[in-house]
Every structure is written in structure tokens, then in C-alpha cells.
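# below are the sequence and a predicted model; questions follow.
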Amino acid sequence: MKKKLLAGIIISALLVYLSVRGIRFADVRAAFQSVRPGYAAMAMLMMVITQLLRSVRWGVILRPLEKISQLTLFAVTSVGFLAIVSIPARIGELARPFLLSRKSSLSMSAALGTIVIERVFDSLAVLLIFALTFLWMPFPAWVVNSGILFLGLTLMLIAVIALFLVKKEWGFRLAGPLLRRVPERHQPRLAHFMDQFISSFATMSDPWRLSGLFAFSIFIWVTNSITIFLMFGAFGLKLSYLAAVVTLVILLIGIAIPAAPGFIGNWHFACVLALGLFGINKAEALTYAIVYHFLSIVVVLVLGLAFLPLNRFSMADLRKALPERPSA
């Protein structure tokens, strides 16, 4: 993990350098002074609403497995997102399933499976938004290529889920080489982990639930783009809602780059690239990125710390909840 953290810090440092290169900091200071607090406050409110919507959707995904109170889901979601921005190497992604397993009868592996389902719906919603936006505004080649790669990975993940849903034994047969790489004494634990993980895919077998979750996911990402649009208003940028959607797509590509905790560097570089497509000068784009990132982190910190006392965990807890890794 230390190597991954070091690599992430180096990548972040490089992207920060690329973001600030050639900028006059007097222009950045002037852009800070032009921020409109009212729009910024509305953007923060929309961030809270988006997090609430995410917890509601998670409850819908979980319902075939167990009905869990909305307050519990919102609390766990809030602490989980705090972990994601605080813990390196994306290990924070394990916090939500771990905390849920402690507050319900679900196993860690089944809860983790619901997070994978959530990511599938997020990916499909973003890809649809990306495709529709492309009809009105051609993206640069690197964005299109990233979208194609993203689509390919999403389709592969859906194919794996579909295989386990239709023929679980075939899926385990394909996973055989992975199981055999694990020391024999740990193989039963890993097999049980995988079985529980796959059981969470039950929510994917109902077409009506699938369509509802897909529509809900699109709505969640629309609220994300509204946040970006409100942040345009905070800086007095005369940009359309379409520009907010384009910025969202490029920002998602940017934060997918493994970097230091908190998306430092990749968030800022992506915003600078996106706003540059619409003629926004680099200093103003960087200031936008800094303020938007800061407000996002504040919302995550406030919500996460508010619920942390009743949802404590440690790195050791996360490691113990997972099966042994395969040997090299």
C-alpha cells in the first residue's frame, strides 16, 4: 500500500504542477474575490441532496436482501465517502460494506456486491449522458477513447455478473484458477466470500427494478451536473448546462486516475481541461476547481464526521473482513 500511496502522491504532484504552470497568481486571487456565496451555498446543498439520493438508491439495491432504515444507510454512506477521500489506494471503498455488515445481517461480501451493482448503474448512467452530450458537442479524441475504454470495462463487468446470475457453477469454474492460487487452508473462506458476494446480484434479476434503478442513477448524475452548473454561477461564468455535463464527464475521467487521497491534482487538472474547452482562462478555471473541490470536501467531512462516532472502524477491521489474497 505504501508503494501505491507514493505513486499516487507523485501523480498528484505532477497534475498540480500541470494545473498551475503558466498561471499568474494575481489572476487566481482576483477570481477568488469574485465568488458569489449564494450560488456556492446552493451548490453545497445540492451535494448533500446527491449524497442522500445515493443512500436511497443503495436501499433499493439492498431491499431484495434486507430492508435497512434510511437513516442507517445515509449515516453509513456519509462515513463511507469520508473514508474514500481520506484513505489511500481506494481502500476506503471497503468502509461502506464493512459498516453495513455490522449494522445488518448481511455479510461483508454480500454488502460489497451491492457496491459493485451501484457502480454498474453509475457507469451506465454516465455512459448514456456521455453519448447524448456527444450528439451536441464533439469531445476531444482522448475523451472519446476514455469513454470507449470505460464502456468496454463496464460491459465486461456486466457480462461477469450475468454469467453468475444465469450459471453460477460456470462462474466458479472460471474463478477456479484464482481459488487455486490461494493457500489451501484459505480456499473455503474465499469460496464462501465469493458465494455471498454473488448472492447480492439478486437485485439484478428483476427487470422492473433494473429499469427503476437505471432511471434513478441518471437522476443522481443530473443532480451532480446541476451542482457544477451552480458553481458556474458562483464564478459568474456564462456557460450553459451542456457545459456542466461536459465538465462532469471529464471530471469523472480525471478522478479515475489513481492519485493521492482526496483527488488532489487530478480533480483540478480535469476541471482546467474541461473549462478550457469553453474558453475559460486557466487562472479562472483553476480557481473554480479549487473552490469546487474544497466545498465538496467540506460537505464530505461535515457529514462523515457527524456520523463517525456511531460508525467507527479501523484499517485492521477492513483487512480482517476480506479473504486472504492470492499468492503471486
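On my side now, so go ahead. No experiment lies behind these values; they were computed from the predicted model shown. Numbers count the residues shown, from 1 in each chain.

# three-state assignment of Leu239?
Here Leu239 is recorded as coil under DSSP: H, G, I helix; E, B strand; the rest coil.

# can you tell me the closest non-neighbouring residue to it?
Closest residue to Leu239 apart from its sequence neighbours, by CB to CB, 6 or more residues apart in numbering: Phe232 at 4.9 Å. In short, each C-beta sits where N, CA and C put it, glycine included.

# any idea how far the host helix or strand of that neighbour is from the middle of the chain?
Taking DSSP states H and E as the criterion, Phe232 maps to helix 207-234. Relative to the chain's own centre, helix 207-234 is displaced by 13 Å; criterion: CA atoms, centre = their mean, to the nearest Å.

# again, but for stretch 139-148
For stretch 139-148, the distance to the chain centre is 19 Å (CA atoms, centre = their mean).

# circling back: who's in contact with the following helix or strand past the helix holding Phe232?
Using DSSP H and E, the helix or strand that follows helix 207-234 in sequence is helix 241-255. Helix 241-255 is contacted by residues 126, 129-130, 133, 136-137, 139, 143, 146-147, 150, 221, 224-226, 228-229, 232, 263, 266-267, 269-271, 273-275, 277-278 when judged by CB atoms under 8 Å, 6 or more residues apart in numbering.

# could you rerun that using 6 Å?
130, 133, 136, 146, 224-225, 228-229, 263, 266-267, 270, 273-274, 278 (CB atoms under 6 Å, 6 or more residues apart in numbering).

# so which other helices or strands are in contact with the helix or strand following that helix?
Per DSSP H and E, the first helix or strand lying C-terminal to helix 241-255 is helix 266-276. Here helix 266-276 is seen to pack against helix 2-20, helix 241-255, helix 282-307 when contacts are counted using 3 or more CB pairs under 6 Å, 6 or more residues apart in numbering; DSSP states H and E.

# what about the last one, average pLDDT?
To tie it back to what came earlier, the one meant is helix 282-307. Helix 282-307 shows a mean pLDDT of 95.

# now it and helix 266-276, what's the angle there?
Orientation check (axes from the mean of the first three to the mean of the last three CA atoms, to 10 degrees): helix 282-307 against helix 266-276 gives 140 degrees.

# would you mark the buried spots in the helix holding Phe232?
Using 16 or more other CB atoms under 10 Å as the test for burial, helix 207-234 gives 209, 213, 216-218, 220-234.

# and that helix, average pLDDT?
Rounded mean pLDDT across helix 207-234 is 94.

# got it, and stretch 7-27?
82.

# mind checking how far that stretch is from the chain centre?
On CA atoms, centre = their mean, the centre of stretch 7-27 falls 23 Å from that of its chain.

# buried ones in stretch 54-68?
Arg54, Ser55, Arg57, Trp58, Gly59, Ile61, Leu62, Pro64, Leu65, Ile68.

# spatially, which two of these are the most separated?
Pairwise distances across the buried residues of stretch 54-68 (CB to CB) peak at 18.5 Å, for the pair Arg54 and Pro64.

# and Phe25, how many neighbours does it have?
10 (other CB atoms under 10 Å).

# what of Ser314?
Neighbours around Ser314, by other CB under 10 Å: 8.

# and what of the one 4 residues further on?
For Leu318, the neighbour count with other CB under 10 Å is 19.

# same deal with Lys320?
10.

# now do the same contact list for Phe269.
Phe269 touches Leu15, Leu18, Ser19, counting by CB under 6 Å, 6+ apart.

# do you know how far the closest residue to it other than its chain neighbours is from Val116?
Leaving aside its sequence neighbours, Phe269 sits nearest to Leu15 (CB to CB, 6+ apart; 4.2 Å). Between Leu15 and Val116 the computed distance is 28 Å (CB to CB, to the nearest Å).
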